[in-house]
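Novice: kindly return the folded structure for what I paste below:
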Amino acid sequence: KKFYSVLLTEVKGWEQMSINDAAQAVERSGFPNAYAEFEAQAVQIVASIGRSTAGISQIDTTGCSAVTDLPSGPAGAALQTMLAQVGKPYEWGATGPNSFDCSGLIVFGWRQAGYELSVRTSQQMFNIATPVQTGQEQPGDLIFTEMDKQGPGPAHVLVVVSRGTAVEAPRTGVPVRIRKYNAEAENMRFGRLPSSSLRSLR
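Specialist: Numbers count the residues shown, from 1 in each chain. Predicted coordinates:
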């Protein structure tokens, strides 16, 4: 009860934070990224419970998407791989398997699904992606943010897990995580990688 009291009254913007960051804002642990390791598993557990069970109060799973509830085919396989990296450290320029930067996570996911991307950086991905209207994004689509912060194009890229939820390798000191997003508040743009950008490795 004390935890939620502090969360609700003292942590501004907790609704847009990852589970890890919200918990750390309350607890101020000496291990600030410990929760991130379990975010993907927590989403899967909550989503699998469903909206109601006989004799038990309904559970609101809005925004939750089971890790197993992914598109079929290569996009689903790539996204499954990205989700499996939750908790691993961010490292600029890294493409796995032990650490990642934002676009490196995407490159790794597609490589594990059997495809080599023709692009590497968030700016390059933005340049070739087919634009997707906000509200029409699907699992596996790219989310571009921090527009024109480090030159033309986005400085950061995430991947849609389900509408309103994304997986990302955010920045130094914050590991790969699943988080909620607000497209309008965060000035996000969406895009879908064209098949021409994927070369089969098989």
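
Novice: tell me where the longest strand sits in this structure.
Specialist: If you go by DSSP state E, the chain has its longest strand at strand 154-162.

Novice: quick one: list the elements packing against that strand.
Specialist: helix 73-83, helix 102-112, helix 122-128, strand 142-147, strand 165-168 (3 or more CB pairs under 8 Å, 6 or more residues apart in numbering; DSSP states H and E). Placement of C-beta: from N, CA and C, glycine included.

Novice: now the fourth one: buried residues?
Specialist: Spelled out, that is strand 142-147. Residues of strand 142-147 classed as buried by neighbour count (16 or more other CB atoms under 10 Å): 142-146.

Novice: domain map for this structure?
Specialist: 1-50, 74-200 (the TED database).

Novice: export those to JSON lines and append columns for mean pLDDT.
Specialist: Listed next are these as JSON lines, based on pLDDT from 0 to 100:
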{"stretch": "domain 1-50", "mean pLDDT": "80"}
{"stretch": "domain 74-200", "mean pLDDT": "94"}
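
Novice: these two touch, right, A169 and W92?
Specialist: No. Checked against CB atoms under 8 Å, the pair A169 and W92 is beyond contact range at 9.7 Å.

Novice: any common contacting residues for those two?
Specialist: Common neighbours of A169 and W92, using CB atoms under 8 Å, 6 or more residues apart in numbering, are D101.

Novice: so between these two, which is more surrounded?
Specialist: Shown here are A169 and W92; by other CB atoms under 10 Å, A169 has more neighbours (31 against 12).

Novice: what's the distance between that one and V26?
Specialist: 24 Å (CB to CB, to the nearest Å).

Novice: could you do G96 as well?
Specialist: Distance from G96 to V26, by CB to CB: 31 Å.

Novice: all helices of this structure, in order?
Specialist: Using DSSP state H, the helices of the chain run over residues 2-10, 19-27, 39-49, 73-83, 102-112, 122-128.

Novice: most tightly surrounded among those?
Specialist: Ranked by mean neighbour count, the helices of the chain are led by helix 102-112 with a mean of 23 (mean count of other CB atoms under 10 Å).

Novice: next, the angle strand 154-162 makes with that helix.
Specialist: Counting by axes from the mean of the first three to the mean of the last three CA atoms, to 10 degrees, helix 102-112 lies at 50 degrees to strand 154-162.

Novice: next, count neighbours for P152.
Specialist: Neighbour tally, P152, other CB under 10 Å: 9.
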